[in-house]
Each structure stands twice: as structure tokens, then as C-alpha cells.
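# the following block contains a protein sequence and its predicted model.
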Amino acid sequence: MTSSFPASTVLGYPRIGPDRELKRALESYWEGRTSREDLESTARRLREDTWRRLAALGLEGLPSNTFSYYDQVLDTAVLLGAVPARYRQDDDLATYFAMARGAEGSPPLRMTKWFDTNYHYIVPEIGPETVFSLDAGKPLAEVREARALGLETRPVVVGPVTFLLLAQAAPASPGGFAPLDRLDDVVEVYARLLAELAAEGVAWVQLDEPALVADRTPAELAAVEAAYGRLGRLENRPALLVASYFGDLGDALPVLAATPVEAVALDLVRGTANGADALAGKTVVAGVVSGRDVWRTGRDRALATLLAVRERAGRVAVGTSCSLLHVPYDVERETGLDPALRERLAFAEQKVAEVVELAGLLAAAPVGHAPGRHVPGQPEVQGRAHASGDRTAKGRAPYPVRAAAQAEHLKLPLLPVTTIGSFPQTGELRRARAALAAGEIAEAAYEGVVRAEIERVIALQERLGLDVLVHGEPERNDMVQYFAEHLDGFAVTRHGWVQSYGSRCTRPPILHGDVRRPEPITVRWARYAQSLTSKPVKGMLTGPVTIVAWSFVRDDLPLREVVFQVADAVREEVGDLEEAGIRVIQVDEPALRELVPLRRAEQDAYLEWAVAAYRWATSGASERTQIHTHLCYSDADQILAAIDGLDADVTSIESARSRGRLLGAVGDFSRGLGPGVYDIHSPRVPDADEVEGLLTEALRAVPAERLWVNPDCGLKTRSYEQVEAALAGVVEAAARLRARHALSTLSGV
């Protein structure tokens, strides 16, 4: 426990591989095309390549146990033995993936967003009867792998307080039970883990506690004191780094400072070092290089922050604000970007180099040399705001008026069945898109493939009996990137992949300038799809908040202003779709909950302008045009009032995986609601009986006249075989309930 902390480190690193090697290995293994040994070999190579590269860049403190086959919170549940009995199988990897993806007869564990990021984590289930037992095989194995390369590492584990705060009560838990009630039992397992790591010769362990940057109750702060008091007093353990990120520690900082832990990591990009004096005597890992964006670090400002922290706290190491999991690997591979833009960018590799450079500059600066007592925090935005007229939405007609007009215009049945938007992206589509990008086929040939796929999707939905159709989005690579490619102010990358969950990766666009829409984006294909059927086909748009949330955004304008610039473009697109005869338009906002600030004092202001931006984007539609929105996997029940404020005619939302938890909160929600009945993130195919049961539960909370039937999310990641079987069951279940409703109406029940 006496070894000094390295001068430079990162809190984590991307793990999917520069060319998404892990994604391909996982999906091949899941499909039975390759063996477990093949998967493990790919994983081992990715870990080794990461450690070697970090060492070559000069980084002194190398993290381990940041690699995951699916998610670090799920890994922690396995580490602690918190595996629900229904998932246990003879094969440990089969058990692991059953928790993440489901197994026959067992839906997967719930999934939601990791704080205010687009990364998703698997929500553990903890109950009074959960039996905890240590399985330290993974962190120990990674320490040994790195040591075989001649490298020492610092294992990283989700901390006990954050793990329990992120968990949910297991089914059948008594009223009033909270997972944090099991803190003492969990901390004992962590104590055993630390003892095993100490026996392995590990010098430092990192315990991640990002939950501490949100508002915490006195009882929760007492849990922090108890956990780290107990772990800090252990005689047989490595030194402890408690890592916070995504904001200020606030009231948790003096609590941690009073415990015997040796080091605390502070996010000095989204937070400040206020209160750092309390950490005198400990090492502060100063997170001055952002792990959440792709902009180069302002060296002078970062160094000034480091010097000021050193004056207050004493021992300072240079680090990232959070794990680099949230950024792509290497900007040098992006040869297609404008060189002037590329000079402004730093991906994971460049950020590591920045950390190493700053550590050298800090070491060279004389002790006592500091810019004064003020510790800089997040810079004030200095950019200009663009006035584009009054963006205050007058609002559409009241919902009852719109509902009557839409009923007359659309003539939909009770419990209308629809999907969220995307259909499977086939290998043929992906090959055609790649061939077009490589110049191997002409635009006309590619468009022929897209046209044929739209015809296939419309015909399939007609045959299955859906009521509101979609064109399947075969022309789109991603729900945000596609729009970025057609809007001024954005740039897109070729290799800038970031993990969203499991094998799912996205390429966030780079929003670097003023946003404008040069021409209509979606109208052509929506009009073609509508020409193939007499049933309504939804126009599919991504909302302004989500486009911004799932991009790397310029830092010289307030976020609100950037969102409203995008809302202007979406508003124009809504108008053009309506003019083209599209009668249903879906404007998705799955990131609405994601951007909610972690501190309550900041939340109302954000929700006010986020809702206003959506209403500005959609309020120009006529009363007979039905506006849909969609939210998924984001604890939307916590912002139901804001969702209601969007004033969409129909809201579809994740519900199958979370077992209908939203339904208990819908209360006075007064418009159409589609709680998902098919979890598209799992390969499981629900039958009609299962879907009927979910709809029956939904009808207890939502009147049949306002209930819609739909999957949880888009179908892009599923196969056509799975989709056709699942949607057939969904349609059948809706038909059964319509018939039951008709009988009850006739009998006067």
C-alpha cells in the first residue's frame, strides 16, 4: 500500500478493436460459426495490443479488467456471484450471455443507459436472498496476461456503492427493500477480492464510483463512508484509487477524503476541483483530458488546472476525465476528413499522448509554481448564438381535436400494430453500401438494391397484417449518421466506431459548424414506399436532441443553441414530408432522458428547452398528420412529464425488457402510447401468448382506444427469420384482443 501512483494514466480504454474485431468475433460465436477458443483468442489479442500500445505511447499507469465481452456492470455482477438462478447453465460463458441476451424461456436482464452517455449497461438484480460469492478469475487472469508481456497493470472494477445503486430489486423482494441494503455483504466480497489481488502482487486497484457525482442522500453518503472505511482499513490489500467521473463529487468529496483510500480521481472537464484541499495527503488523479469528446485538449488551460490542484492537494497524477471507452481509437486513420478539422481532433490514442505530455510538463514545473488559488473548471462558452427567428412553437390543436381528425383521415383499427422504423440490414445491403463507397458500383445500381428492399419490407408488412407500415430504412447506415451526411455542419468518419452495448457499435458524427439542411433528406424514399400501399407509411426522422446527443458536438456554442439549429432542419423536413402526402411522421427522441443532467438543480432547465426544441421541430404539422415519437432503454419513467410535454400524438417506448415498469407510472398520460412487446435486443422470439400477456397488462394502464402495439425498438439488428416470426405473433395477439374487446362491447361488459 506504499507504492506511489504513476504520473500518467487513463481510467479505461476502448475494447471493441480498431476495426470492430470484438463485434465480429462475438456475433460469429453467437451464430455458432466459431468456437469459444476463437472468441477468447480474439479477446486476448485485443487486450495485449492495447497494453503494448499504451506502454509504447509512454503511459505509466496501465489499466486492466476494462475489457468486457458485453458490459462492465454485468462483469461485476458475475465477479460478485450475483447471478439469478434462472440464468445459470453448466457453461459460464453461456450463463453470462443469457443474462445479457436472454435464453429460451428467460428474457434478459434489463438494460439502460450508463448515466448521461449512449453506452448501455445490464442492470443487476439484487434481493434479500441473493448469495454473493467471489469469482476473481477475470481480473486475475488479465493481471497475469499483462505481466507475461512484462507490464504491470491496475485492475479496474465498478465500486460497491455504484454497483448497488445501479442495481434493481430482484423479483419478489419485499416492499421497501433496496439493493444498497446488502452493502455489508457486498463489501465483504470486495475485501476478499482485494486480498486475492494483493496476493498476486497487485500494487493498485481502481474502484469506479461515478454514481457519487449525482445527488446522494445522507444514507447513501453514509454507505460510501462505511464501504471505504471498511476497505481502507484492511491490512492486506493493494492501494485504492476511487474514481469519480461525469461531474463534481460535491458532498461525496469530503466523505471520501475522510476514508483511508490512497487516491481519488476527479473529472476536471465536467467538474471542478472545488474542495480539493480536503484531499491533501492523498493522490489526486486529475482528469484534465476529456474522455467524452473528440476535441484536442487546451494544453495551457489543462496545465494551469494541474498546477492549481497540485498546490492544493500535493500529489497529482495526470489522467482522463473518464474512461476512453466513449471515443474512437485513432484520428490519424481518418484521412478523408478535412485536414483543418482533423487538426482540432483527438481520439483515444491522441488523448493518451496528451496525458503523457501533460504529465511531463507538470513534472518539469517547479513545485509552488501555480496560477493562484482558483482552480479552473469547465470553460465558459464564448461562441456566438445564431438568431434564426422566433422559435417559440405556438403549438398544435389540442390532442382530442387532432385525434378526431386523425381517426377520420387514417381509419386505423383498435390496437393498431406498427414497428419502430428499421428492418434488418441484410448482408446484401451492407455489401452494396460498401461497394458504392468504394466506387465499385454506380449510384443507380445501389438505389436499385434499396428500392428492392423497400418493396420487400412493404410486402412483408402487408402480408403479416400490420396497420401502419415503415419503409425499413434500407438506405440508412445509422439513425443519426444518415442525417449528419445530409446536413451542413457535420463530418462523418470511416473508422470512428464507439461501443453502445455488447456487439452494437455506432460512428458518432462530428458536429463542428452551423447546421443547415441544403435539401430534403427522407422525402424521396418515403414517397416511394407510400406509393406501394394504401396503408399509411410512416416518415422516419431522428429528433434534434438525439442527433446532438449521439454526435461529438462543437464546444463553442451552448448546447441548447446547437439543438435548436438541428430542430430548424427537422422542422423543414417534417413540412416536406407532409407536403409529399405522408400522413404519419415519427420523430424519435430516444436520447431525451440520456441528456438529463445528473444533478437535480440543473434538470428542469434542460428539460424545458429540450421539450421546446422537439415541439418547434414538429408543431408546424397539421392536426390530421399524426406525429409519433419513440424512446428506449433510458429509464423514461423518470421524465414522463417531459415526454408528455413533447405533445406527440403517439409515443412508443421500451417495455418488454423492463417488464412493463413504465406502465405503473403512466398516470394521466393522455395520448397514444405503445409500450413495446418485443425485446429486439435479444434473439428470443416471443410467441403470441407472451405478447398477449404483455398487452393485457398494458390495457390495465392504457385504454384500448389509445394503446398501440409495437416492438421495443427498431429491427435493424435482428434477422428476417426472427422478425417475421415475432411480428406474426404480435399481429395475432393484437387480433385476439380486438376480438375480445368486440365481444365485451357487444355483451356490455
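All right, it came through fine. Numbering: from 1, shown residues only.
# any idea how far residue 430 is from the spatially most central residue of the chain?
Geometric centre of the chain, nearest residue: residue 118, 2.3 Å, by C-alpha atoms, centre = their mean. From residue 118 across to residue 430, the span is 22 Å (C-beta to C-beta, to the nearest Å). C-beta: built from backbone N, CA, C; applies to glycine.
# please apply the same query to residue 56.
34 Å.
# swap in residue 297?
Applying C-beta to C-beta, the value for residue 297 to residue 430 is 36 Å.
# so where's the protein uncertain?
The chain contains residues with pLDDT under 70 at 1-2, 369-390, 393, 633-637, 657-662, 664-665, 667-668, 745-749.
# which helix runs longest in it?
helix 720-747 (DSSP state H).
# that one: which residues count as buried?
Of all the residues in helix 720-747, those buried under the rule 16 or more other C-beta atoms under 10 Å are 722-724, 726-738, 741.
# what about it, distance to the chain center?
32 Å (C-alpha atoms, centre = their mean, to the nearest Å).
# quick one: list the elements packing against that helix.
helix 443-464, helix 688-699 (3 or more C-beta pairs under 8 Å, 6 or more residues apart in numbering; DSSP states H and E).
# any chance of these in TSV, plus mean neighbour count?
Shown next, in TSV, are the helices and strands packed on helix 720-747 (neighbours: other C-beta atoms under 10 Å):
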stretch	mean neighbour count
helix 443-464	16
helix 688-699	18
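# wait, which of these is closest to residue 112?
With C-beta to C-beta, the closest approach to residue 112 among the helices and strands packed on helix 720-747 belongs to helix 688-699: 18.8 Å.
# mind giving me the packing neighbours of the closest one?
Secondary-structure packing of helix 688-699 (3+ C-beta pairs under 8 Å, 6+ apart): helix 720-747.
# check which residues of stretch 127-147 are buried.
127, 130, 132, 134, 136, 138-140, 142-143, 145-146.
# farthest pair within those residues?
Farthest-apart pair in the buried residues of stretch 127-147 is 127 and 146; separation 35.9 Å (C-beta to C-beta).
# helix or strand for the spatially closest residue to residue 600 that is not a sequence neighbour, just tell me which one.
Using C-beta to C-beta, 6 or more residues apart in numbering and skipping residues adjacent in sequence, the residue nearest residue 600 is residue 215, 5.2 Å away. Counting by DSSP states H and E, no helix or strand carries residue 215.
# right, and residue 215 touches residue 602 too?
No. Assessed by C-beta atoms under 8 Å, residue 215 is found out of contact with residue 602, at 10.4 Å.
# residue 244: how many residues sit nearby?
29 (other C-beta atoms under 10 Å).
# can you give me the distance of it to residue 450?
On the measure of C-beta to C-beta, residue 244 and residue 450 end up 47 Å apart.
# please, which helix or strand holds residue 354?
helix 348-364.
# swap in residue 568?
Assessed by DSSP H and E, residue 568 sits inside helix 559-579.
# for that helix, list the C-alpha coordinates in PDB.
Extracted in PDB, the C-alpha atoms of helix 559-579 (Å, rounded to 0.1, in the frame of the first residue of the first chain):
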ATOM      1  CA  LEU A 559     -25.800  23.000 -26.300                       C
ATOM      2  CA  ARG A 560     -29.300  24.500 -26.400                       C
ATOM      3  CA  GLU A 561     -28.400  26.600 -29.400                       C
ATOM      4  CA  VAL A 562     -26.900  23.700 -31.200                       C
ATOM      5  CA  VAL A 563     -30.000  21.600 -30.600                       C
ATOM      6  CA  PHE A 564     -32.300  24.400 -31.900                       C
ATOM      7  CA  GLN A 565     -30.200  24.600 -35.100                       C
ATOM      8  CA  VAL A 566     -30.900  20.900 -35.700                       C
ATOM      9  CA  ALA A 567     -34.600  21.500 -34.800                       C
ATOM     10  CA  ASP A 568     -34.800  24.000 -37.600                       C
ATOM     11  CA  ALA A 569     -33.700  21.300 -40.100                       C
ATOM     12  CA  VAL A 570     -36.000  18.700 -38.700                       C
ATOM     13  CA  ARG A 571     -38.900  21.200 -38.900                       C
ATOM     14  CA  GLU A 572     -38.200  21.800 -42.600                       C
ATOM     15  CA  GLU A 573     -38.100  18.000 -43.200                       C
ATOM     16  CA  VAL A 574     -41.500  17.500 -41.400                       C
ATOM     17  CA  GLY A 575     -43.000  20.100 -43.700                       C
ATOM     18  CA  ASP A 576     -41.700  18.500 -46.800                       C
ATOM     19  CA  LEU A 577     -42.900  15.000 -45.800                       C
ATOM     20  CA  GLU A 578     -46.300  16.300 -45.100                       C
ATOM     21  CA  GLU A 579     -46.400  18.100 -48.500                       C
END
